[in-house]
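A.B. asks: Got a sequence here, can you model it:
(chains A and B)
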2 protein chains.
Amino acid sequence: MAKMTPRTLSGFMELLPAPQQQMERIMEILRTTYSRYGFTPLDTPLIEASEVLLAKGGGETEKQIYRFSKGDADLSLRFDLTVPLAKYVALHYNDLSFPFRRYQIGKVYRGERAQRGRFREFYQADIDIIGDGKLDIINEAEIPAIICQTFTALGLKRFQIRVNNRKILNGFYAMQELSDKSGDIMRTVDKLDKIGAEKVRKLLVDEIALTEAQADEILKFIAITGSNEEVLTALQAYAGRNETFDEGLGELNTVVKYLAAFGVGEANFAVDLTIARGLDYYTGTVYETTLLDHPEIGSVCSGGRYDNLAEYYTDRQLPGVGISIGLTRLFYVLGEQGLLNPELPTAPADVLILPMTEDLAPAISLATALRSAGIRTQLYTEQKKFKAKMNYANNLGIPYVVFLGDDEIAAGVVACKDMVTGEQTKLGFDETLARIHAGLAEKNSGCVILEK
Amino acid sequence: MAKMTPRTLSGFMELLPAPQQQMERIMEILRTTYSRYGFTPLDTPLIEASEVLLAKGGGETEKQIYRFSKGDADLSLRFDLTVPLAKYVALHYNDLSFPFRRYQIGKVYRGERAQRGRFREFYQADIDIIGDGKLDIINEAEIPAIICQTFTALGLKRFQIRVNNRKILNGFYAMQELSDKSGDIMRTVDKLDKIGAEKVRKLLVDEIALTEAQADEILKFIAITGSNEEVLTALQAYAGRNETFDEGLGELNTVVKYLAAFGVGEANFAVDLTIARGLDYYTGTVYETTLLDHPEIGSVCSGGRYDNLAEYYTDRQLPGVGISIGLTRLFYVLGEQGLLNPELPTAPADVLILPMTEDLAPAISLATALRSAGIRTQLYTEQKKFKAKMNYANNLGIPYVVFLGDDEIAAGVVACKDMVTGEQTKLGFDETLARIHAGLAEKNSGCVILEK
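C.D. replies: Down below sits the predicted model:
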């Protein structure tokens, strides 16, 4: 028979079993952490009616969307988890209680140009808090605190959540009488990290037609850096000239104060006046998160406060705040940088049982007892040489191998080999179990990310 | 602004938060149970190249496939998890160790005619064990044992795994010199439950042109019922006349013997000679699982032994055995039948904190402490009347509400109300925590499925 060469599409991550175990571990930490903060899991369809998904329309994303017909239906794969959330909240409004806190970890699709580290199918891990009409400012401090807790639980230390407030920016540009050009200015300022202050200044003057004085004002403003306290103090100098600015500064002060109460250390967050994010969407606090040792990969977790989650579906005012981790890309980068802890077990099982008797019933009973005690156990019954069986355990990294022959059965003991130390014990079931439990606890004690 | 009416596509399950929590609980039990048996999780793309996914081609499924173009690429959404597994094993063969045990819980897509209880996007939860060249028969007993354990962990008792062996059927039809008609016969026999023996007999004679005597032989054969021992004894009467039959009977005897060793009770499995399943695919043991009180919904978990997982991709012989739970449909049926345990918590949080002070720092600290202790905690800070706050907790089913005012802070206590009993305590943090832990343990002690 002619064979079809098997392949996986370019831009689609398909992990081998060991890295998949690491990915599962990360997802489990995300689920657990998000749950601790009172977020409920959601799972919306991957396919939506195109007219619903693209109600907002236009933009860069539209070209990348996987859109197709099935029968009479015009369908699209979701390209983020925010639009499906907006649809969900508008559709199920009467069945929800507000503030509505949900997390969703799911795949999204964007037909980007294929290149290394860019994915067409990728996981996003989102949390959002949606209010009905209003939403308290404290939520804008809690969201980055959750991200900080999540990253810390994963083992990351060298990260920084950068915080800004769109009202401060809008208020500042209004003071300069540049409101109508603020979008263009912010897009230019966003290039600061890449091209430097001088080039930004030149673009502001040459392309956006600012005066030299205006450009200088802007550069002076975005040059405000230092500790959070220093930045907030410097911003105070602009206060009293524009209502929106003052409101934003008040919010930023509150967010910074509560972030500290949530236990987020100064090392892990910074007020950064260059952060703007989705210009037509965010209206208050905005966030980006960078890995301090890998600024080149950009933000791994971004979001902010918005006033109207679902304005394309409903007249109800549904303000919210949310943040999204680009999980597939983050996982890829962590792997590339060698930051995934290689000490953590990735084997499919904790114990491999090699039955040495013809009747497998005693081995099956032992496997059942171990499984009941929470030990991931595999019976190995293939007809292979002893060495091949041990190689199987070794190749998979299974930490314990148990031998069960007539002698052990008669003596009521279990022969158990620690595959790392090579030590072999013959102990009763309970003692063997205790030894395995203790060993696994130690092996699983590290964090999934191990910074160098 | 004109609004787009939000909607979710017909045939796509989108759960409200409370049932979603129940679904998550079920998935967690599946993941845990499968892991206990040494299966490693996989996560393959939802989209594959059409030529790869449809290498096998044809069949009923092809019409239902979501197939579309993106740029030059001809793409399809996966319609099951088996073909992607075959591709995965063929593609990554050199990086895998065999037997390769994997589970996958993922969405698949079939554009079926929309009707109540039929889904176009649905979860399958699959386990498979793939051998390299050979695979020991014990695996054919372990797979249904895992399903039995899974269903039991979910709380199901009234289910039956029905087991047959294709070699017995093939051997039997060879004895009757009906091998060339065996496919048509099996498809007819498969209707036995629905149309009864007399109509099956008539179809066998009228449509498949069997003699009356042949039809009688077949009806006599499939009428073999009783305890597993009785069925095996009756089958023994056919032994010695066909090699394939004898091989199949030997396998069935082994499977039945080991199923008992795995702790599967007679109430939960039965040898059933009418089971055939995918005629062009399965070659040994085959399984179907029915809910005894709901036979009308058909099999909720099916599978079997196959000789060639990946014959369309590789010349390597990759025999395997696997089983699949149609999770979305099962969940739907459980909900419809009222079998989901309503006592289990479905709230997004265990504790709702209502701060009674202007400075939220003490409430934030308390939330942080509760979360560190594993309690899912939400801070409620919206400006609402007291009654609205309590209604929020009630509507979501949050079991504990904590009040933190100046008095409590000064006294170093926590005021905690049990929303079910109405009892309110003022205790220190550790005592409050212990009370909450104990209460949650009790609330979470039930199974997710509660049979009537």
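
A.B. asks: Contacts only, for the nearest residue to residue A:281 once chain neighbours are set aside.
C.D. replies: Among residues not flanking residue A:281 along the chain, residue A:306 sits closest, at 5.4 Å (C-beta to C-beta, 6 or more residues apart in numbering or on different chains). Every residue, glycine included, has its C-beta placed from N, CA and C. By C-beta atoms under 8 Å, 6 or more residues apart in numbering or on different chains, the contact set of residue A:306 is A:281-284, A:319-322.

A.B. asks: how about 6 Å then?
C.D. replies: With contact taken as C-beta atoms under 6 Å, 6 or more residues apart in numbering or on different chains, residue A:306 is in contact with A:281-283, A:320.

A.B. asks: most neighbours, which of those residues?
C.D. replies: Within the contacts of residue A:306, most neighbours by other C-beta atoms under 10 Å in any protein chain shown means residue A:320, with 27 neighbours.

A.B. asks: I figured that one hits residue A:310, correct?
C.D. replies: No: using C-beta atoms under 6 Å, residue A:320 makes no contact with residue A:310, being 9.3 Å away.

A.B. asks: Reformat the contacts of residue A:306 into TSV and put pLDDT and secondary structure next to each item.
C.D. replies: Converted to TSV, these look like this (pLDDT from 0 to 100; DSSP: H, G, I helix; E, B strand; the rest coil):
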residue	pLDDT	secondary structure
A:281	85	coil
A:282	92	strand
A:283	93	strand
A:320	97	strand
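
A.B. asks: and residue A:106, what helix or strand is that in?
C.D. replies: strand A:100-109 (DSSP states H and E).

A.B. asks: one step back: overlap in contacts, residue A:320 and residue A:310.
C.D. replies: By C-beta under 6 Å, 6+ apart, residue A:320 and residue A:310 have no common neighbours.

A.B. asks: And the contacts of residue A:306, which is closest to chain B?
C.D. replies: For the contacts of residue A:306, the closest approach to chain B (C-beta to the nearest C-beta) belongs to residue A:320, at 12.9 Å.

A.B. asks: List the beta-bridge partners for the residue lying closest to the closest one once chain neighbours are set aside.
C.D. replies: In space, and not counting its chain neighbours, residue A:320 is closest to residue A:130: 4.2 Å by C-beta to C-beta, 6+ apart. Beta-bridge partners for residue A:130, by DSSP bridges, are residue A:100, residue A:320.

A.B. asks: separation between residue A:130 and chain B?
C.D. replies: 12 Å (C-beta to the nearest C-beta, to the nearest Å).

A.B. asks: Tell me if I'm right that that residue and residue A:97 touch.
C.D. replies: No: Residue A:130 lies out of contact with residue A:97 (C-beta under 6 Å); the separation is 10.5 Å.

A.B. asks: Neighbour count for those two, which is higher?
C.D. replies: Using other C-beta under 10 Å, the more surrounded residue of residue A:130 and residue A:97 is residue A:130, with 25 against 18.

A.B. asks: count of neighbours near residue A:132?
C.D. replies: With other C-beta under 10 Å as criterion, residue A:132 counts 17.

A.B. asks: if I pick it, what's in contact with it?
C.D. replies: Neighbouring residues of residue A:132 by C-beta under 6 Å, 6+ apart: residue A:98.

A.B. asks: mind checking the SS state of it?
C.D. replies: coil (DSSP: H, G, I helix; E, B strand; the rest coil).

A.B. asks: What does it show for phi and psi?
C.D. replies: phi -110, psi 100 (degrees, to the nearest 10).

A.B. asks: Run through the neighbouring helices and strands of the strand holding residue A:106.
C.D. replies: On a contact count with 3 or more C-beta pairs under 6 Å, 6 or more residues apart in numbering or on different chains; DSSP states H and E, strand A:100-109 meets strand A:121-130.

A.B. asks: After the strand it packs on, which helix or strand is next?
C.D. replies: helix A:138-154.

A.B. asks: what's the angle from the helix or strand following that next one to helix A:138-154?
C.D. replies: Remark: after helix A:138-154, the chain's next helix or strand is strand A:159-165, criterion DSSP H and E. Between the axes of strand A:159-165 and helix A:138-154, defined by axes from the mean of the first three to the mean of the last three C-alpha atoms, to 10 degrees, the angle is 170 degrees.

A.B. asks: partners of strand A:159-165, with directions?
C.D. replies: strand A:269-271 (parallel), strand A:282-291 (antiparallel).

A.B. asks: Ok, which of those strands comes nearest residue B:383?
C.D. replies: Smallest distance to residue B:383 across those (C-beta to C-beta): 16.9 Å, for strand A:282-291.

A.B. asks: The next helix or strand after that closest one to strand A:159-165, inter-axis angle?
C.D. replies: Later in the chain than strand A:282-291, the nearest helix or strand by DSSP H and E is strand A:301-306. Strand A:301-306 and strand A:159-165 meet at an angle of 20 degrees, taking the same axes, to 10 degrees as the criterion.

A.B. asks: Quick check: mean pLDDT of strand A:301-306?
C.D. replies: Strand A:301-306 carries an average pLDDT of 95.

A.B. asks: Give the pairing partners of it; include direction for each.
C.D. replies: By DSSP bridges, strand A:301-306 pairs with strand A:282-291 (antiparallel), strand A:320-326 (antiparallel).

A.B. asks: Name the residues that touch the shortest one?
C.D. replies: Counting by C-beta under 6 Å, 6+ apart, the neighbours of strand A:320-326 from elsewhere in the structure are A:124-126, A:128-130, A:139-140, A:143, A:147, A:287, A:301, A:303, A:305-306, A:309.

A.B. asks: Name the next helix or strand downstream of that strand, please.
C.D. replies: Next element after strand A:320-326 (DSSP H and E): helix A:327-336.

A.B. asks: Between the contacts of strand A:320-326, which sits nearest chain B?
C.D. replies: So of the contacts of strand A:320-326, ranked by how close each gets to chain B (C-beta to the nearest C-beta), first place is residue A:139, at 7.6 Å.

A.B. asks: right, and the closest one touches residue A:129 too?
C.D. replies: Yes: between residue A:139 and residue A:129 there is a contact at 4.8 Å, judged by C-beta under 6 Å.

A.B. asks: got any ranges where the stretch 301-450 of chain A has weak pLDDT?
C.D. replies: Filtered on pLDDT under 70, the stretch 301-450 of chain A yields no residues whatsoever.

A.B. asks: ok so residue A:182 is a helix residue?
C.D. replies: Yes: under three-state DSSP, residue A:182 falls within a helix.

A.B. asks: Could you report the separation of it from residue A:197?
C.D. replies: 19 Å (C-beta to C-beta, to the nearest Å).

A.B. asks: which one of these two has more residues nearby?
C.D. replies: Neighbours per residue, other C-beta under 10 Å: of residue A:182 and residue A:197, the larger number sits with residue A:182, 19 against 12.

A.B. asks: rewinding a little: redo the contacts of residue A:306 as a markdown table? Include distance to residue B:434.
C.D. replies: Shown next, in a markdown table, are the contacts of residue A:306 (distance: C-beta to C-beta, whole Å):
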| residue | distance to residue B:434 |
| --- | --- |
| A:281 | 45 |
| A:282 | 43 |
| A:283 | 43 |
| A:320 | 36 |
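
A.B. asks: how many neighbours does residue A:351 have?
C.D. replies: 27.

A.B. asks: now swap in residue A:452 and tell me
C.D. replies: When neighbours are counted by other C-beta under 10 Å, residue A:452 comes out with 7.

A.B. asks: same thing with residue A:341?
C.D. replies: 16.

A.B. asks: Now for it: which residues touch it?
C.D. replies: A:446, A:448, A:450.
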